[in-house]
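> Sequence and predicted model, in that order:
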Amino acid sequence: MSIEETRLVELAKRGDADAFGLLVKDYERKVYAIAYRMLGDGEDAKDLAQEAFVRLYVSMKSFQGECSFSTWVYRIVSNLCIDRLRRKGKELARCSLDAPVQGDEDEFQRQVPDMSPGPEEIAERVELQEAVREGILSLPPEYRAMIVLRDVNGLSYEEIGEILGLNVGTVKSRLWRARQELSRRLSSSELLRAAFVNPAVKGGPADEVR
Amino acid sequence: MKCVEARQLLSEYADGELDPIHAAKLEEHLSDCTECAMELQLLRAQIRCCAELSDVKLPDGFHEELMARIKASTQHSSAGSKTGMNWFSSWIEKAAQSRYRAVAGVAMVLLLAFVLSRAYPLVGGIGETTKSRPEGVPQVTMQSAEKKLELQDSYGRGALQPAGSLAPGKEAQSQSQSHSQPQQFSSVNLDTANVRALSGQRLEISQKLIKRGSLSLEVPEGSLDKAAQNVQSIVQAAGGYIENSSSSSETDKRGRLYFGLRVPEDRFDSVFEQLSRIGRVVSRSVNVSDVTEQFIDVQAQLRNKETQEQRLLEIMGKANTVGEILQVENELNRVRTDIDSLKQRLKYLENATAMSTIALTIAEPNALLPVGGGLLDSVVQAFMRAARGVLILAASLLPYAAAIAIVWWIIAKLLGRAAKS
Ligand SMILES: [Zn+2]
């Protein structure tokens, strides 16, 4: 955390909207990107990202510097996203686990129903990136957060742990499962395989591990 | 290691986060098991694909819209009293989370109207009591606390100017300022202490000399190689080195060697003397410039700039507005650029004074005479030759010219007389 940022945070805590504006400038792109990749819809993402910043501003005073400011920003937006997805999931019964999953990793290991589009459907969309994007959006919220924070936005295990309130061990194992889940959805299309791996080599996808 | 175990470690391994012991075991397995190796390849491809999704364009007007939302929320809350703020904001937060937003919204508007009507006279009252307080009495309100910080701040910036130079007049100015601002005494004392330390150091610094020698030698034909070896051993024995060297076989096969030598400053004289003995000295010159003052000056400037940097960081810690933060940041960048260039200058001076340079030319007989040989030289020489030719011609014609002139004069006279008669 730079000295400039520290000072801006102090001013923003006193209610200086201009100082807060500069902080927003530093983080809005990343916050919006997280929201967009988590929710998959531009309008929703914009709305949520702005809500995150308004909340941030209102609760500025309670920021005591126990974590870095960036962690705090990402925590707010990640939690808002997960909350919204859970609520949506309940409404639509879409890609839901039977109950909200948190904490206990054994419980979290349950099989997730495969909601990804069928092979032909994906094969029509030639773009691999599109498939990955869709794949991420078909993951349950907790897994999605893992992929979005780590693989899309490149945050470290430690940062992710602080953001989501998990210890590093949990981050590792959850990330592993999230990646497996994503790869299961992608490899059914053979897209990744076709794009990146020597076609002569054929082997079963991640399923063998289970 | 079994495949099941290996697969569990792949994720961490792909991130480079796996501990070395497990990583080694995994790598061993991967070298045997094509399936797992393939799985790793797939995983890496997948991670790469995800990373490509990181570039998301922010919708147009996002920032402005957001700031308008935030400003709207501030105008409401700033109307509330200081103690009520926390409660009020946490209430808004709860209300925002609540499912009954519509109800909460109505309640909020009502409450806001109430708070506004109560708060306005209250705020005016606080303002008046602040004004009526005598100066010097500690004040607890937010406003006055900020004012105090501003004072310190503007003072801190004023102090930057004197720190920038060693001019005694400005130093005195900074001290007189410090008397009018007793609270700031400590920081200014630090500054003058710094200046004193610097002037004290002036005595400690030994003379800093940049010595440049140039030596031209002639050695018997065929002994160039031996001379070169001599040069090398003399320089090495003195703890110096050959920075660059070149040789040229001139026309007439007379060889010439050039050396750029660096030797420790304190060994310069003895090395120069030893080199002179290698052959017949054709020319020698030594140029010594004393850069002690310059050295001290650069050092002092550097220290001052570093003090400035330190002070700016302190000011940054007290900055009250965004404008100030940006201003200090600018100032900070400027000072840091200066520090960089001063450091470079100091490094150069240190290098140039620690190691003297000697430009040495060694040549076989007569190789030194036709200096140059470049295009310009040959043009000049050709011109000189031509000029000389003209002169010689003129000189050799001179007696004839005199005779012709006399004959002409006589003929003219005779013709004149003949015409009169
Ligand atoms: Zn294996």
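That came through, no problem.
> distance of the residue nearest the centre of chain A from residue A:80?
Nearest to the mean C-alpha position of chain A, by Cα atoms, centre = their mean, lies residue A:145 at 2.4 Å. Distance from residue A:145 to residue A:80, counting by Cβ to Cβ, to the nearest Å: 11 Å. In this view, the C-beta of every residue, glycine as well, is placed from N, C-alpha and C.
> Kindly report the same for residue B:41.
According to Cβ to Cβ, residue B:41 and residue A:80 sit 36 Å apart.
> For those two, indicate the residue with more neighbours.
residue A:80 (20 against 17; other Cβ atoms under 10 Å in any protein chain shown).
> So the more buried one lies in a helix, does it not?
Yes - according to DSSP: H, G, I helix; E, B strand; the rest coil, residue A:80 belongs to a helix.
> contacting residues around it?
By Cβ atoms under 8 Å, 6 or more residues apart in numbering or on different chains, the contact list for residue A:80 reads A:35, A:48, A:51-52, A:55.
> hang on, the earlier thing: what pLDDT does the residue nearest to the centre of chain A get?
With respect to pLDDT, residue A:145 scores 96.
> got it, and the one 10 residues further on?
According to the model's per-residue confidence, residue A:155 sits at a pLDDT of 96.
> and it, what is it in contact with?
If you count contacts by Cβ under 8 Å, 6+ apart, residue A:155 has them with A:74, A:149, A:163.
> ok, so of these, who is nearest the ion?
Taking Cβ to the ion as the measure, the ion lies nearest residue A:149 of these, at 28.6 Å.
> does the closest one sit in a helix, a strand or a coil?
Classification of residue A:149 using three-state DSSP returns helix.
> surely it meets residue A:71?
No - between residue A:149 and residue A:71 there is no contact, the gap being 11.0 Å when judged by Cβ atoms under 8 Å.
> Return the alpha-carbon coordinates of stretch B:331-351 using CSV.
Below are the C-alpha coordinates for stretch B:331-351, written out as CSV (Å, rounded to 0.1, in the frame of the first residue of the first chain):
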residue,chain,number,x,y,z
GLU,B,331,7.1,17.6,-6.0
LEU,B,332,8.2,14.2,-4.9
ASN,B,333,8.8,13.0,-8.4
ARG,B,334,10.8,16.1,-9.2
VAL,B,335,13.0,15.6,-6.2
ARG,B,336,13.5,12.0,-6.9
THR,B,337,14.6,12.8,-10.5
ASP,B,338,17.1,15.3,-9.1
ILE,B,339,18.3,12.7,-6.6
ASP,B,340,18.9,10.3,-9.4
SER,B,341,20.9,12.7,-11.5
LEU,B,342,22.9,13.8,-8.5
LYS,B,343,23.7,10.3,-7.7
GLN,B,344,24.9,9.7,-11.2
ARG,B,345,27.1,12.8,-11.1
LEU,B,346,28.5,11.7,-7.8
LYS,B,347,29.2,8.2,-9.2
TYR,B,348,31.0,9.8,-12.1
LEU,B,349,33.1,12.0,-9.9
GLU,B,350,34.0,9.2,-7.6
ASN,B,351,35.1,7.0,-10.5
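> Show me what it is in contact with.
Stretch B:331-351 is contacted by residues B:160, B:208, B:291, B:294-295, B:298-299, B:301-302, B:305-306, B:308-309, B:312-313, B:316 when judged by Cβ under 8 Å, 6+ apart.
> Give me the buried positions along it.
Residues of stretch B:331-351 classed as buried: B:331-332, B:335, B:338-339, B:342, B:345-346, B:349 (neighbour count, 16 or more other Cβ atoms under 10 Å in any protein chain shown).
> CSV please, covering those residues and showing pLDDT.
What follows is the buried residues of stretch B:331-351, written out as CSV (pLDDT from 0 to 100):
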residue, pLDDT
B:331, 88
B:332, 87
B:335, 91
B:338, 92
B:339, 92
B:342, 91
B:345, 91
B:346, 90
B:349, 89
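> Which members of the residues you listed are positioned in helices?
Counting by DSSP state H, those place B:331-332, B:335, B:338-339, B:342, B:345-346, B:349 in helices.
> burial measure for the residue of the stretch 51-200 of chain B found nearest chain A, as a count.
Proximity of the stretch 51-200 of chain B to chain A (Cβ to the nearest Cβ) peaks at residue B:56, 3.9 Å away. As a burial measure, residue B:56 scores 18 neighbours (other Cβ under 10 Å).
> and what of the one 5 residues further on?
Using other Cβ under 10 Å, residue B:61 is surrounded by 10 other residues.
> How much space separates it from residue A:47?
13 Å.
> What of residue B:332?
Taken as Cβ to Cβ, the span from residue B:332 to residue A:47 is 38 Å.
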